[in-house]
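predicted model and sequence follow; I will ask about them next.
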Amino acid sequence: MNKKAEMGVGTLIIFIALLLVAAVAAGVLIQTAGSLQQRALSTGAQATGQIATSAVALEVSGTDGTSNLENLEMIMKLAPGSEPINLDAVTMTLSTANTTQTFTYSGSDAGSDTEFGVDYLQQGTNAQAGVIVRGDVINVVFESERALEEGETVRINFIPQIGTPTVVIFSLPDVISTERVYLYP
């Protein structure tokens, strides 16, 4: 009879050892699953920010009063679901058939042939200078380095560091007869 009891104690020790191994393995699996879940959520949030963050061009106009335009304005707001856009991290380009011009944010409301300025036409509840937030409507002001001619096709790219670029393509009218010309939409 003593041998059976010794065999039962040995079996009990092996059984407890198996339970401990299974508990450790389960703990490792739970920790790994939690870590993977956090990484997936973080990646998903970053992907959503990359895809959803953008601005919408509502209107583009130009002024000069002659048969060509140099001073341009683009009214913009955030796209639905977009994260705020820091204007210091935006690059804007103006392209024609034979030239491309690059602009960076000037930090003021005055644009030049290398910088764009911003006037806040409407400010959202969480307004911040130099940032487009939900509720803001901005007027982006910039100058073409050369006069844009009648009938010429122009492409403007508003490219945030994080998010989707806004592309606006339009053609100037064949005859410019007013001081302010509405070019887009």
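In hand now; what should we look at?

pLDDT at residue 181, what is it?
Confidence at residue 181, expressed as pLDDT, is 91.

what pairs with whichever strand or helix holds it, parallel or antiparallel?
Using DSSP states H and E, residue 181 falls within strand 180-184. Note on strand 180-184: by DSSP bridges, its sheet partners are strand 55-63 (antiparallel).

just the CA trace of the partner strand, in PDB.
Output of strand 55-63 as PDB, limited to C-alpha atoms (Å, rounded to 0.1, in the frame of the first residue of the first chain):
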ATOM      1  CA  ALA A  55      -8.700  70.600 -45.300                       C
ATOM      2  CA  VAL A  56     -11.400  71.500 -47.800                       C
ATOM      3  CA  ALA A  57     -11.000  74.400 -50.200                       C
ATOM      4  CA  LEU A  58     -14.300  76.300 -50.400                       C
ATOM      5  CA  GLU A  59     -13.300  79.000 -52.800                       C
ATOM      6  CA  VAL A  60     -10.300  80.400 -54.700                       C
ATOM      7  CA  SER A  61     -10.200  83.900 -56.000                       C
ATOM      8  CA  GLY A  62      -7.700  86.300 -57.400                       C
ATOM      9  CA  THR A  63      -7.300  90.100 -57.700                       C
END
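
may I see the buried residues of it?
55, 57, 60-62 (16 or more other C-beta atoms under 10 Å). The way it works is simple: take the backbone N, C-alpha and C, and place the C-beta from them, glycine included.

could I get those residues as a markdown table with distance to residue 73 and pLDDT?
Below are these laid out as a markdown table (distance: C-beta to C-beta, whole Å; pLDDT from 0 to 100):
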| residue | distance to residue 73 | pLDDT |
| --- | --- | --- |
| 55 | 15 | 95 |
| 57 | 11 | 97 |
| 60 | 7 | 97 |
| 61 | 5 | 96 |
| 62 | 7 | 93 |
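
most widely separated two among those residues?
The largest separation in the buried residues of strand 55-63, counting by C-beta to C-beta, is between 55 and 62 at 19.3 Å.

check which helices and strands the longest strand seen in the chain sits against.
Scanning the chain for the longest strand, with DSSP state E as the assignment, gives strand 137-149. With contacts defined as 3 or more C-beta pairs under 8 Å, 6 or more residues apart in numbering; DSSP states H and E, the packing partners of strand 137-149 are strand 68-78, strand 90-95, strand 100-105, strand 115-122.
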